[in-house]
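# sequence and computational prediction follow.
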Amino acid sequence: MVVPDALTPLPGRAGAIIDLKDVTKEYPGQSLSFRGTKLELKGPLLWARNLKHALRMTTVDSLAVSALRGVDLRIVPGEIFGLLGPNGSGKTTLIKVIAGLLRPTYGKGTVAGIPLHDTRSIRQRVSYVSTTGWMGLEWALTAEENIRFYGELCGLTRTVASIRTEEALRLVDLWEDRKKSTSGLSNGMRQRVMLARGLVLSTPIVLLDEPSVGLDPITRGQVIKTICDTLVSRGQTLILADHDAELVGSVADRVAILHQGMVQIIGAPNDLLVIVSHLRVLDIVMQSGVKTKNSPPPIIHRWDTNERPGTQALTHWRGLVEESPDALHRVLEWLCPDVRHVVEISFLTPTLQDVMGMLEEEYSYDG
């Protein structure tokens, strides 16, 4: 497919700070190549050695990959927008397109009023925080120096950078540890330094890619909520991509669920939960080795199992089942007829993670 004017801005559609239409990102496949190698034909043994080296240094055939496929997205100023999806669904690729770090293969749109092909101008209006790998941290500097250095590098005066550094460190609860070098911080503290960098600049758009990675499970919800509240109070727009569906759902105004590079659904978290409102989550912990019989009853819509770590051999079964008076009896009759093997049973309310699972199964079935 050839689209000569694929990266032109969208006409009209006023009011959107991010406006994407049919955005596609493809990575071409690679083939075995001898280009750049030197095969000297000065004797059979030397030629064979060079050939072996060339084969080892070049790539094997691989298929083209579509990281994004026909993404339509419209985000309004001041919105907190969440991106959810399994690994490889296209979340990070989409964020990098919005950040001006990647150009789409096809599609059109604008970011902060700038067409997608003008990546340099987009990068001046977007603060992109990747918390995977502590990108850009200077290990010889303290936490405070790292953030102030980042602010000055992005054009802030030393005075403004210092003021905003203190504000950011207090918001992520790192002010008391500001004099510690990066190498002396825990993994979670380094992640909070990365998050603090996203608070230093006053760009119209802030992108947080996997901000909860490495944070303390007990406090990460409050840390992310504080960051979101601060950015919104400044009038900034936030896009948050994370594997923690409940965290994203607790702070986002709207959420998009991606699968295999495509947007499956967009909506407010409570609206998306309507998809599973007629179901309950049934959690069963039982002794390992129990074999199911026949096919599962039709009241079970999806389920998964995993082995619990520990000295006891236990299996955790979690399923989405229809609400009915005999639901538990029918599931146990299929799953574990001998109730003596059952250790624990609980009914829970479905979450956004369950919505993701339902949509993923439906997509796989339709495909």
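Structure received. Just so it is clear, the structure is predicted and the values come from calculations on it, not from any experiment.
# can you name the next helix or strand after the lowest-mean-pLDDT helix or strand in the chain?
Across the helices and strands of the chain, mean confidence by mean pLDDT, DSSP states H and E is lowest for helix 44-57: a mean of 57. Once helix 44-57 ends, the next helix or strand along the chain (criterion: DSSP states H and E) is strand 65-75.
# identify the residues contacting that next one?
By C-beta atoms under 8 Å, 6 or more residues apart in numbering, the surrounding residues in contact with strand 65-75 are 13, 16-27, 29, 81, 90, 93-94, 97, 104, 107, 109, 237, 239, 256, 260-263, 266. Glycine gets a C-beta too; all of them are placed from N, C-alpha and C.
# quick one: buried ones out of these?
16-26, 81, 90, 93-94, 97, 104, 107, 109, 237, 239, 256, 260-263, 266 (16 or more other C-beta atoms under 10 Å).
# just the residues you listed: which are in helices?
93-94, 97 (DSSP state H).
# got CSV for these, with pLDDT too?
Output for those, formatted as CSV (pLDDT from 0 to 100):
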residue, pLDDT
93, 95
94, 96
97, 96
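# closest to residue 281 among those?
residue 94 (29.1 Å; C-beta to C-beta).
# that closest one and residue 85 touch, don't they?
No. Applying C-beta atoms under 8 Å, one finds residue 94 not in contact with residue 85, separated by 9.4 Å.
# which residues do the two both contact?
What both residue 94 and residue 85 touch, as defined by C-beta under 8 Å, 6+ apart, is the set residue 258.
# residues touching stretch 201-211, excluding its own?
Against stretch 201-211 from outside (C-beta under 8 Å, 6+ apart): 17-18, 77, 91-92, 95, 98-99, 111-112, 124-132, 151, 154, 156, 191, 195, 198, 224, 227, 231, 234, 236-243.
# out of the residues you listed, list just those in strands.
In this view, the contacts of stretch 201-211 that belong to strands under DSSP state E are 18, 111, 126-130, 237-241.
# return the item of those having minimum pLDDT.
Minimum pLDDT for the ones in strands among the contacts of stretch 201-211 is recorded at residue 130 (82).
# quick check: bridge partners of it?
On the basis of DSSP bridges, residue 130 is bridged to residue 209.
# next up, the contacts around it.
Contacts of residue 130 by C-beta under 8 Å, 6+ apart are 194, 209-210.
# separation between it and residue 96?
9 Å (C-beta to C-beta, to the nearest Å).
# and residue 299, what are its phi and psi?
The phi and psi values for residue 299, taken as degrees, to the nearest 10, are phi -70, psi -10.
# host element of residue 169?
helix 158-171.
# then that helix to PDB, C-alphas only?
Only the C-alpha atoms of helix 158-171 are listed here, as PDB (Å, rounded to 0.1, in the frame of the first residue of the first chain):
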ATOM      1  CA  ARG A 158      18.800  27.000  37.200                       C
ATOM      2  CA  THR A 159      16.400  28.800  39.600                       C
ATOM      3  CA  VAL A 160      13.300  27.500  38.000                       C
ATOM      4  CA  ALA A 161      14.800  24.000  37.700                       C
ATOM      5  CA  SER A 162      15.700  24.000  41.400                       C
ATOM      6  CA  ILE A 163      12.200  25.100  42.500                       C
ATOM      7  CA  ARG A 164      10.500  22.500  40.300                       C
ATOM      8  CA  THR A 165      13.000  19.800  41.400                       C
ATOM      9  CA  GLU A 166      12.000  20.300  45.000                       C
ATOM     10  CA  GLU A 167       8.300  20.200  44.200                       C
ATOM     11  CA  ALA A 168       8.700  17.100  42.200                       C
ATOM     12  CA  LEU A 169      10.800  15.200  44.800                       C
ATOM     13  CA  ARG A 170       8.300  16.100  47.500                       C
ATOM     14  CA  LEU A 171       5.400  14.800  45.400                       C
END
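# where does the protein have low pLDDT?
Along the chain, segments meeting pLDDT under 70 span 1-14, 29-62, 131-135, 363-367.
# circling back to that earlier point, can you lay out the ones in strands among the contacts of stretch 201-211 as CSV showing distance to residue 214?
Compiled in CSV, the ones in strands among the contacts of stretch 201-211 are given as follows (distance: C-beta to C-beta, whole Å):
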residue, distance to residue 214
18, 27
111, 28
126, 23
127, 20
128, 18
129, 13
130, 12
237, 25
238, 20
239, 20
240, 16
241, 15
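# closest to residue 161 among these?
Checking those against residue 161 with C-beta to C-beta, the nearest one is residue 127 at 14.0 Å.
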